[in-house]
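> predicted model follows, preceded by the sequence.
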Amino acid sequence: MTTPALAREVSVVLYPGCIFFEIALALEQLSGHYVVRFYTPEGESHKSSQGFELQVDGDYAALAKAETVAVLVPGGDSRGVLTSGSLIVEALHKQMQRSVLMAGICAGNLVLAYAGVLKGRRATHNYTQEHAHTDKVEAAARYWRGSFFERANIVIDDNVITAQPWAYRDYAAAIAVYLELMPASVGEALATYTERRRYVE
């Protein structure tokens with residue numbers, strides 16, 4: 001793991017229609033160690049998918065300049081961020097150049113692909129015939145060019161993490177382990193907690 005020296009921020013990309021739940025467990029692991037800051041396309045206020053207001057710290061231009069260790073991108077209706085065009089592309093490019101952790105889940109992976117973050121990388125996503133309608137698969141196909149799809153719950157390729165929407169526990173654990181907030185064994189316990197605790201009739 002390599003993270004920018006002295007950076008004590010974790011940055012979250014928010015957009016209309018994103019699903020906060022997918023990153024909530026990850027932020028719970030991170031918030032005691034880092035300042036969590038939220039960014040929207042124009043710095044506008046954001047109501048989460050649960051209906052509560054989040055304090056927004058800046059727009060995507062500010063995200064491009066943020067001294068951060070990680071950028072988290074939740075899923076949801078990604079049209080809300082793709083329509084921001086060059087704003088999100090520039091922000092994610094800048095952070096990728098700084099070798100920070102880039103972590104997408106569900107449609108957050110599409111946002112990373114749209115910004116070119118996944119080119120030359122192994123990645124997973126659910127824009128396949130197995131999980132999406134043909135029209136969505138075809139509409140998103142161009143963004144995956146240059147990346148290497150793996151049918152997996154989560155894929156970690158150096159400083160890029162991509163996860164399926166149901167793998168939110170794996171996602172939270174992978175981020176915490178990457179940032180050295182917990183050993184791999186504890187991360188594994190976090191990822192498999194519900195499987196180990198679930199009653200089997």
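Nice, I can see it. Because the structure is a prediction, the values reported are computed rather than measured.

> mind checking which helix or strand of this protein has the lowest mean pLDDT?
Across the helices and strands of the chain, the lowest-confidence element by mean pLDDT, DSSP states H and E is helix 79-82, at a mean of 73.

> name the next helix or strand following that one along the chain.
helix 86-97 (DSSP states H and E).

> for that next one, which positions count as buried?
For helix 86-97, a neighbour-count test (16 or more other C-beta atoms under 10 Å) marks Leu87, Ile88, Val89, Ala91, Leu92, Lys94, Gln95, Met96 as buried. For glycine as for every other residue, the C-beta is placed from the backbone atoms N, C-alpha and C.

> packing partners for the least confident helix or strand of the chain?
Judged by 3 or more C-beta pairs under 8 Å, 6 or more residues apart in numbering; DSSP states H and E, the packing partners of helix 79-82 are helix 108-114.

> contact partners of the helix it packs on?
The contact list for helix 108-114 (C-beta atoms under 8 Å, 6 or more residues apart in numbering) reads 13, 18, 22, 72-75, 78, 81-82, 88-89, 92, 102, 104, 118, 123-125, 127, 140, 143-144, 147, 160, 162-163.

> any idea of the pLDDT on the residue nearest the centre of the chain?
In the chain, the centroid-proximal residue (C-alpha atoms, centre = their mean) is Gly104; its distance is 2.5 Å. Note on Gly104: pLDDT of 99.

> now do the helices in this protein.
Under the criterion DSSP state H, the chain contains helices at 21-30, 60-65, 79-82, 86-97, 108-114, 134-140, 168-178, 184-191, 193-197.

> picking up where we left off before, which of the buried residues of helix 86-97 lies closest to Ala66?
The shortest distance between Ala66 and any of the buried residues of helix 86-97, using C-beta to C-beta, involves Gln95 and amounts to 7.5 Å.

> correct me, but that closest one touches Ala62?
No: here Gln95 does not reach Ala62: they are 11.8 Å apart, not a contact under C-beta atoms under 8 Å.

> and the buried residues of helix 86-97, which two are the farthest apart?
When those are compared pair by pair using C-beta to C-beta, the two farthest from each other are Leu87 and Met96, 15.1 Å apart.

> check contacts around Ser147.
Ala113, Leu118, Lys119, Gly120, Arg121, Arg122, Ala123.

> count the residues that sit near Ala107.
Taking other C-beta atoms under 10 Å as the criterion, the count of residues near Ala107 is 28.

> what do you get for the one 10 residues further on?
Residue crowding around Val117 was assessed by other C-beta under 10 Å; the count is 25.

> wait, what's in contact with it?
With contact taken as C-beta under 8 Å, 6+ apart, Val117 is in contact with Leu92, His93, Met96, Met102, Val160.

> leaving out the residues flanking it, which one is nearest to the first one?
Across the structure, with C-beta to C-beta, 6 or more residues apart in numbering as the measure, the residue nearest Leu92 apart from its sequence neighbours is Ala115 (3.9 Å).

> understood, closing this out.
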